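Asker: quick check, what structure comes out for this input:
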Amino acid sequence: MRAIDLHTHTAKSDGSYTPTELVDYAIEKNLAAVVITDHDTVDGLDEALSHAASLKKRSLPSIEVIPGIEFSTKYEKQDVHVVGLYISYGDAVFQNSLHRFVDSRINRNIRMCENLQKAGIDITYDKLQASYPDAVITRAHYASYLLEHGYVKSRQDAFSLYLGDHTKYFVPREKVTPTQAVELILETGGVPVLAHPPLYHMGNDRLDILVAALKAAGLMGIESFYSTYTNQDVRDMLRLADKYSLLLSGGSDFHGVNKPGLDLGSGYGKLFVPEDLLWKIKEAKA
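Answerer: Residues are numbered from 1 along each chain as shown. Okay, here's the model as predicted:
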């Protein structure tokens, strides 16, 4: 049985591979399917799907490319991510909601640039866009900018000095709730999945409350397999999936060179997400 990867990012958000490059690499890795889940954007999906279709039409090695997205949401002042699989990303309601998310991110970025200017950094939102054209600007892009222009010696320094939540330069972005993300994904015919819950460090009881609330809103899956999970994390996610009758999902959270050492499909070397999980997701979606 081949592996799949249901959580990846391209240069359209904060990854380093173009959508075409990511598809080609997934084929090179012999994956059965890959989902592109860029942050709050679907700008890379047309390119990825078209490239895969072109390869198949020419009888070249191809792969199932599944349209997806990763919503950055806020739950009780904490970041929580919700992945959408098989989304109908051309839907008008979905597109309108995305535009609102993008507008709030732009406003946040303009204010962050203004804060960094006060620290003596020559940065503007226009300069960020020029440096990373066609990308949804995230803090990963700020870190790259600061590193490339000599303001910091490492990406870690960039976050500890300027970009972290507790620095005086950081500006939080208005975000949707995880419940709203779940509902929007369902409206487009997609499958909502709670992404990497152990990363939230909210404790078993609080996480259980969150999962219960999202299940009531229509949550269909949970990431039970992920690059950084311990064996205990996997057991905890399987327990939650069983308790709330959730589909199992998983992925590497691949970002290319922006997450060094983390590879597509295999994470840090121990990840394996079997393709039979996708069969069950398809059955549930149908």
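
Asker: what's the following helix or strand after the biggest helix by length in the chain?
Answerer: Across the chain, the longest stretch assigned as helix under DSSP state H is helix 92-118. Reading on from helix 92-118 to the C-terminus, the next helix or strand found by DSSP states H and E is helix 125-131.

Asker: and that following helix, C-alpha only, in CSV?
Answerer: Extracted in CSV, the C-alpha atoms of helix 125-131 (Å, rounded to 0.1, in the frame of the first residue of the first chain):
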residue,chain,number,x,y,z
TYR,A,125,4.2,45.7,2.9
ASP,A,126,4.9,46.6,-0.8
LYS,A,127,8.6,45.5,-0.4
LEU,A,128,7.4,42.2,1.2
GLN,A,129,5.1,41.6,-1.8
ALA,A,130,7.8,42.4,-4.2
SER,A,131,10.2,40.0,-2.5
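
Asker: and that helix, which residues are buried?
Answerer: Residues of helix 125-131 classed as buried by neighbour count (16 or more other C-beta atoms under 10 Å): 125, 128. All C-beta atoms are positioned from the backbone trio N, CA, C, and that covers glycine.

Asker: what helices and strands are in contact with the longest helix of the chain?
Answerer: On a contact count with 3 or more C-beta pairs under 8 Å, 6 or more residues apart in numbering; DSSP states H and E, helix 92-118 meets helix 125-131, helix 178-187.

Asker: of all these, which one is nearest residue 70?
Answerer: When these are compared by C-beta to C-beta, helix 178-187 sits nearest residue 70, at 9.3 Å.

Asker: now do the buried residues in that closest one.
Answerer: 178, 179, 180, 181, 182, 183, 184, 185, 186.

Asker: host element of residue 222?
Answerer: Going by DSSP H and E, residue 222 is in strand 221-226.

Asker: lowest-scoring secondary structure element of this structure by mean pLDDT?
Answerer: For the chain, the helix or strand with the lowest mean confidence is helix 92-118, at a mean of 86 (criterion: mean pLDDT, DSSP states H and E).

Asker: for the stretch 151-286 of the chain, give me the ranges with low pLDDT.
Answerer: Residue ranges of the stretch 151-286 of the chain with pLDDT under 70: 286.

Asker: which residues in it form helices?
Answerer: Ranges of helices within the stretch 151-286 of the chain are 155-158, 178-187, 204-217, 231-243, 276-285, based on DSSP state H, counting those that start in this stretch.

Asker: need the winner for burial among those.
Answerer: Highest mean neighbour count among the helices of the stretch 151-286 of the chain (mean count of other C-beta atoms under 10 Å): helix 178-187, with a mean of 22.

Asker: middle-most residue in this protein, spatially?
Answerer: residue 70 (4.1 Å; C-alpha atoms, centre = their mean).

Asker: check what pLDDT that one gets.
Answerer: Looking at residue 70, its pLDDT is 96.

Asker: for it, list each beta-bridge partner.
Answerer: When assigned by DSSP bridges, residue 70 has beta-bridge partners residue 39, residue 83.

Asker: what's the neighbour count on the closest residue in space to residue 94 that isn't next to it in sequence?
Answerer: Here the nearest residue to residue 94 in space, its sequence neighbours aside, is residue 188; by C-beta to C-beta, 6 or more residues apart in numbering that works out to 4.7 Å. Residues near residue 188, counting by other C-beta atoms under 10 Å, number 20.

Asker: now do the contacts for residue 188.
Answerer: By C-beta atoms under 8 Å, 6 or more residues apart in numbering, the contact set of residue 188 is 84, 87, 88, 89, 91, 93, 94.

Asker: CSV please, covering these and showing neighbour count and distance to residue 17.
Answerer: Below are the contacts of residue 188 laid out as CSV (neighbours: other C-beta atoms under 10 Å; distance: C-beta to C-beta, whole Å):
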residue, neighbour count, distance to residue 17
84, 27, 20
87, 26, 20
88, 14, 24
89, 20, 19
91, 16, 26
93, 11, 30
94, 21, 24
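
Asker: can you pick out the most distant pair from the residues you listed?
Answerer: 84 and 93 (13.4 Å).

Asker: next, show the common contact partners of the two.
Answerer: 184, 188.
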